[in-house]
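S.K.: need a structure here:
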Amino acid sequence: MSASDPAIIIIGLDGATLDLIAPWVEAGELPAIGALLRGGASGRLRSTHPPLTPVAWSSFLTGCGPGKHGTYAFMQLDRQYTPTFLNGGSLTIPTFLDLLSDAGARVGALNVPWTWPPPRVNGFCLSGLDAPGFGPHIAYPDGLFEEVAEAIGGYFDKFVPPARSGYALDRLDHQIEGCGAAARYLMQSHPVDVFAVVFGSSDHVQHWFWHDRQTVARDGRRVDDLLLYTYRKLDHEIERIIAECAGDRTVVMLMSDHGAGPCLGGINLDLWLASHGWLTLSPAAESWRRRVRRGIIRAGGRLVPAGIKRRLGGRLAHTRRDMISSFLTGRVDWSATSAFSWSDYGNISLNLQGRYDQGTVPADEADALVDEIAQAIANISHPETGERVMSAPLLGRQLYHGDRVADAPDLMAVVRDYRYEILSNFTPAGLLPREQERSIFSAPRRQGTHRLHGIFCANGPGVRTDMTLAGARIEDVAPTILHLAGCPVPAWMDGRVLSQMLVREHLRSWPPERRDDTLVDGERRRDYDDDERARVAETLRGLGYL
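M.R.: So this is what the prediction gives:
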C-alpha cells in the first residue's frame, strides 16, 4: 500500500439490487462486482423506512435512524402545511465524514447524496443529488470543482432525463465515465484515508426502464437491455477504480441505499383517506378558479421560454412555489381533516392540535386514530383481483426513536413488496395527472420503484472471504467504516460494527470500541433559496419522485 492509497474506498450504486446483480454475476456479465462479492463478505442491506434516497443516505452518513437525523422524505412541512425541500444542510448531527475528519483522518466524498452544502472536512467534498445543479458551489475547498472539470474534460451530468425519442445514451455514458474519472483523479491527486463515491445512474434507469429496457441512442445505437448496459458500465468503472486506486491493504466496500424492483401501479392515498372521511377536500377545490390555477401550474413551466426562465430566476420559482403551496393547502378543508399523506412512500401524519395551525385531532386521541387507520390500510385490496396489496402498516411511535421524532410520520402505509407506488398531491410538485386523481388504483408514473433491501459488500484485509452477510442495516455502515479506520464508534449511533464479517485475528487485535458520549443536536447549516429549490425540483421531477 502506497502513501496515496486510501485505507477504505466506499463505492455506492444508488438503488442497486441483488435481484439484478446476482444472476448477471452468475452469467459473467459483471466481472469486477463478481470478484468483490466472491472475495469478501456480502449480502442484502436493509434500508430505512421509507426506503427513500434522502432518508437512507442520511442514515448511511450518520449511522442513525430518521428519529435522530430528522429526515423522513425529500421535504418537511411547517405549521401552515407548507412543504420545504431538505438537503444535507438539514442534518444537525455529525456524519462519519465529520467524525473521521475531527479525529485527524483525511476524507473525501464525491457525488454522495445529502452532502450539500459541502462540509468543511479535513480533505474535500463534491456534493451529490441534493445540490441545486453542479457547479463551483458544490465543492470544498473552493476551486476544486473547476480543477476536476478541467482534469477530466468536463464535469459529469447531475441527471440524465429520459428522452421521448430514446434514452440519451451518450449523456449516460458521460455521466458514468465522468464520475469514475473524477473519483480516480481525486484519489490520485488528493490522497485521503477514506473515500466515498456514489454513482446515481443505476437508480435513474431503473425508475424509467424496468419493463421496457430497449432503447435507441440519438446516434442510432440500439440497446436491448438498458439496465444491463448501465450495470456493465458501472462494473467497468469499479474495475478501474480498484485497479488504479486501491492498494493491497485497502478495504473496498460496495453498497446501495435501497433496492429496486418493478412497479405494477399506483395507489392514490389522498382518495383513499378521503373515502374513509379522514381527509376532506375543500368544497371549492374543483371550482373553475382552481381548475384555471391547476392549468397554469401544470403548463406554466412548459410555456415560459428557457431564456426568460433564466432571466426571471428566483422570482419565477418563488411565484410557482407560492401557487403550488396555496393550491395544496387550499384544496384541503383542514378543519374537517384528521389525517393526510405527504410522500410517495406512504408517510401519513395526523392533523394534530398543536402540531399544525388548523389541527383537529387532540393528542389524547392520536394513538387510537392511528390504530384505526392502520387497521383499514391492512385491508386495502385491488378492485379487480381482490388481492390485499398492503403489508402490515408501521406505526411511527414504534418505528422511530430520538430527538427528531416530532417531524416523523405517525404512520407508514407500506405496499407489499413495494410493488405499487403511493400517489399523493401533497408534495412540493403535487398536482397529479387527472387520470391518477380519479381512482384509488391507477397506472404507475414510473416503471420501477424502490425496495427495502439494497446490497452490501466488503473486500480486503481483515474481512472474511466468500461469506454471506445476514442482518446488515444501512445504519451499520458508518460504525463499520469508523471501526476499520481505527476510530471508536459514538454510543449515540443506532448502527453497530458488522463484526461478523471480520476475521478473528482482526477482532482480537482491534475489538470494536464504543465511545460514551452524548449526541448534541446542532443547527441546520443551509436551506435552499427559491432558485435553488426550483432546480432541485426539476431533477426530482425527472427522476419521478415528484
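S.K.: quick one, helices of the stretch 201-350 of the chain?
M.R.: 201-209, 226-245, 269-275, 288-303, 306-312, 314-330 (DSSP state H, counting those that start in this stretch).
S.K.: tell me where the stretch 1-150 of the chain has strands.
M.R.: 8-13, 41-46, 75-77, 83-85, 107-112, 123-127, 139-140 (DSSP state E, counting those that start in this stretch).
S.K.: where does pLDDT dip in this protein?
M.R.: Within the chain, the stretches with pLDDT under 70 are 1-4, 164-165, 283-330, 427-436, 521-526, 540-546.
S.K.: tally of neighbours for the closest residue to Gly180 other than its chain neighbours?
M.R.: Computed as Cβ to Cβ, 6 or more residues apart in numbering, the closest residue to Gly180 that is not its neighbour in sequence is Glu237, at 3.3 Å. C-beta: built from backbone N, CA, C; applies to glycine. Residues lying near Glu237 (other Cβ atoms under 10 Å) number 22.
S.K.: let's have the chain start at 26 instead
M.R.: Right, with 26 as the first residue, what we last looked at is Glu262.
S.K.: can you pull the contacts of Glu262?
M.R.: 201-202, 204-205, 208, 224 (Cβ atoms under 8 Å, 6 or more residues apart in numbering).
S.K.: now Ala221. Its backbone dihedrals?
M.R.: phi -130, psi 130 (degrees, to the nearest 10).
S.K.: so what's it closest to, chain neighbours aside?
M.R.: Ile35 (4.1 Å).
S.K.: Lys183 versus the residue nearest to Gly205, what's the distance?
M.R.: 17 Å (Cβ to Cβ, to the nearest Å).
S.K.: now swap in Ser83 and tell me
M.R.: Distance from Ser83 to Lys183, by Cβ to Cβ: 19 Å.
S.K.: with neighbour numbers in mind, choose between these two.
M.R.: Taking other Cβ under 10 Å, Ser83 and Lys183 do not tie; Ser83 has more neighbours (29 against 22).
S.K.: my guess is the more buried one meets Tyr97, correct?
M.R.: No - with contact defined as Cβ atoms under 8 Å, Ser83 does not count as touching Tyr97 (9.5 Å).
S.K.: which neighbours do these two have in common?
M.R.: Pro91.
S.K.: what's the local residue count around Ala128?
M.R.: 15.
S.K.: can you check Asp155 too?
M.R.: 27.
S.K.: wait, it touches Asn136, no?
M.R.: No - Asp155 lies out of contact with Asn136 (Cβ under 8 Å); the separation is 10.8 Å.
S.K.: please identify, among the contacts of Glu262, the one with the most neighbours.
M.R.: Ala208 (29 neighbours).
S.K.: any idea how far that one lies from Gln239?
M.R.: Using Cβ to Cβ, Ala208 is found at 30 Å from Gln239.
S.K.: Gly88 too?
M.R.: 41 Å.
S.K.: more neighbours, those two?
M.R.: Shown here are Gly88 and Gln239; by other Cβ under 10 Å, Gly88 has more neighbours (30 against 12).
S.K.: that one is in contact with Ile499, isn't it?
M.R.: No - between Gly88 and Ile499 there is no contact under Cβ under 8 Å: 9.1 Å.
S.K.: break the chain into its domains for me.
M.R.: Domains of the chain are assigned by automatic domain parsing as 33-287+475-529, 290-473+564-568.
S.K.: and these as JSON lines, adding distance to Asp555?
M.R.: Below are those laid out as JSON lines (distance: least, Cβ to Cβ, whole Å):
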{"stretch": "domain 33-287+475-529", "distance to Asp555": "10"}
{"stretch": "domain 290-473+564-568", "distance to Asp555": "4"}
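S.K.: out of those domains, the one nearest Asp552 is which?
M.R.: Closest to Asp552 of those, according to Cβ to Cβ: domain 33-287+475-529, at 6.8 Å.
S.K.: just checking, Gly40 touches Ile480?
M.R.: No - judged on Cβ under 8 Å, Gly40 makes no contact with Ile480 at a distance of 9.8 Å.
S.K.: with neighbour numbers in mind, choose between these two.
M.R.: Using other Cβ under 10 Å, the more surrounded residue of Gly40 and Ile480 is Gly40, with 30 against 27.
S.K.: list the residues that contact the more buried one.
M.R.: Applying Cβ under 8 Å, 6+ apart, the residues near Gly40 are 227-228, 231, 281-285, 475, 479.
S.K.: state the phi and psi torsions of Leu527.
M.R.: phi -100, psi 150.
S.K.: hmm, Gly485 and it touching each other?
M.R.: No - assessed by Cβ under 8 Å, Leu527 is found out of contact with Gly485, at 10.8 Å.
S.K.: distance from stretch 43-58 to the middle of the chain?
M.R.: Mean-position distance between stretch 43-58 and its chain equals 24 Å (Cα atoms, centre = their mean, to the nearest Å).
S.K.: what's the answer for stretch 115-132, then?
M.R.: On Cα atoms, centre = their mean, the centre of stretch 115-132 falls 20 Å from the chain's centre.
S.K.: what's the answer for stretch 403-411, then?
M.R.: 29 Å.
S.K.: sorry, back to before: what touches both of Gly40 and Ile480?
M.R.: Common neighbours of Gly40 and Ile480, counting by Cβ under 8 Å, 6+ apart, are 281, 284.
S.K.: next, count neighbours for Val545.
M.R.: Other residues close to Val545 by other Cβ under 10 Å number 10.
S.K.: skip the chain neighbours and tell me the closest residue to Pro31.
M.R.: Phe220 (4.7 Å).
S.K.: and what of Arg247?
M.R.: Val241 is the one closest to Arg247 (Cβ to Cβ, 6+ apart), at 5.3 Å.
S.K.: Asp249 is in contact with the one you found, correct?
M.R.: No - the criterion here is Cβ under 8 Å, and Val241 misses it with Asp249 at 10.4 Å.
S.K.: more neighbours: these two, which one.
M.R.: For Val241 versus Asp249, neighbours defined as other Cβ under 10 Å are more numerous around Val241 (13 against 9).
S.K.: what about that one, distance to Leu194?
M.R.: Counting by Cβ to Cβ, the gap from Val241 to Leu194 is 8 Å.
S.K.: any common contacting residues for the two?
M.R.: Joint contacts of Val241 and Leu194 (Cβ under 8 Å, 6+ apart) are Val248.
S.K.: check contacts around the residue nearest to Pro408 when sequence neighbours are not counted.
M.R.: Nearest non-adjacent residue to Pro408, counting by Cβ to Cβ, 6+ apart: Phe466, 6.1 Å away. If you count contacts by Cβ under 8 Å, 6+ apart, Phe466 has them with 290-293, 407-408, 445.
S.K.: now restrict those to buried residues only.
M.R.: Buried subset of those (neighbour count, 16 or more other Cβ atoms under 10 Å): 290-293, 445.
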